[in-house]
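Colleague: Show me how the following folds:
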Amino acid sequence: MIVYPAIDLYGHKVVRLTKGDFSRRSEYGDDPLGTAASFAEAGATWLHVVDLEGARGGAPVHLDLLPNLAALGLSVQYGGGLRRSEDIAATLEAGASRAMVGSLLAKDEETARHCREAFGSRVLPTVDVKGGRVAVSGWTRASALTPEALLRRLLDLGYEEFLVTAVDRDGTGEGPDLPLYQRLLRLCPDARLIAAGGIWSERHVHLLDEAGLTGAVVGKALYEGEFDLAAALRRWRLC
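Modeller: Alright, predicted model coming up:
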């Protein structure tokens, strides 16, 4: 189990959305590098970065931060607006360890195959679930795909690990959508899943660990002082 502290960016500020709604945006400062440094000091080895402005506009706008984030010694997974293979390449070249890609992989099988062949495991597919369907275009549009169907398609193409976000719980503190993850693991037992959305406490991370997930993304709980990152990282480092 890897705990991923999250930084969401909009206008080079640290923000969080509630349920993926851009009109419900909370700001937590204008120093993403300082925030990332505090996570590194707490013992984090990975950083989860979402370019919300890029996701909304369709092209990344915060790539300039990646070299400095990587210089902190953190492995960075970065996503938001990566809807062309050129954007993925630019993200990786700028210092990201892996690129989180959603809409592009959901587009069609041939595009998803090309991304796997070109970038291998440095692409982390994102499966954003909203109302039981895969959400695309920065969570603003529901596709016809179910998360199960997308997972099976991508598994067949060689993808192995996936970020699955329960959008309806994101930023709410309601806890992870365990039934969703349990169902996906039952139907796609070969998949490795990282959970995001609603994770508010160490107990929530423990429940995900017990369910067989490989990672948990923690965001708003960190900024609201509800989650002790250093304690959580020590606990799961020793497990």
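Colleague: Now do the contacts for the residue nearest to residue 45 when sequence neighbours are not counted.
Modeller: Excluding the flanking residues, the one nearest residue 45 by C-beta to C-beta, 6 or more residues apart in numbering is residue 75, at 6.2 Å. For the C-beta atoms, the positions are set from N, CA and C on the backbone; glycine is no exception. With contact taken as C-beta atoms under 8 Å, 6 or more residues apart in numbering, residue 75 is in contact with 45-47, 97-98.
Colleague: likewise residue 82?
Modeller: Residues in contact with residue 82 (C-beta under 8 Å, 6+ apart) are 54, 60, 88, 91, 99-101, 104.
Colleague: how about it, phi and psi?
Modeller: phi -90, psi 80 (degrees, to the nearest 10).
Colleague: Residue 202 too?
Modeller: Backbone torsions of residue 202, given as degrees, to the nearest 10, read phi -60, psi -30.
Colleague: And for the one 10 residues further on?
Modeller: In this entry, residue 212 is assigned phi and psi values of phi 100, psi 10 (degrees, to the nearest 10).
Colleague: same check, this time on residue 58
Modeller: The phi/psi pair for residue 58 (degrees, to the nearest 10) is phi 100, psi 10.
Colleague: That one touches residue 87, doesn't it?
Modeller: No - with contact defined as C-beta atoms under 8 Å, residue 58 does not count as touching residue 87 (9.4 Å).
Colleague: Need the distance between the two termini of stretch 22-32.
Modeller: 19 Å (C-alpha to C-alpha, to the nearest Å).
Colleague: re the thing from before, out of the contacts of residue 82, who's the most crowded?
Modeller: Across the contacts of residue 82, neighbour numbers were computed from other C-beta atoms under 10 Å; residue 91 holds the maximum, 30 neighbours.
Colleague: Without its sequence neighbours, what residue ends up closest to that one?
Modeller: Closest to residue 91 by C-beta to C-beta, 6+ apart is residue 99, at 4.5 Å.
Colleague: tell me which of the contacts of residue 82 is nearest to residue 194?
Modeller: residue 100 (9.7 Å; C-beta to C-beta).
Colleague: Secondary structure element holding that closest one?
Modeller: strand 98-101 (DSSP states H and E).
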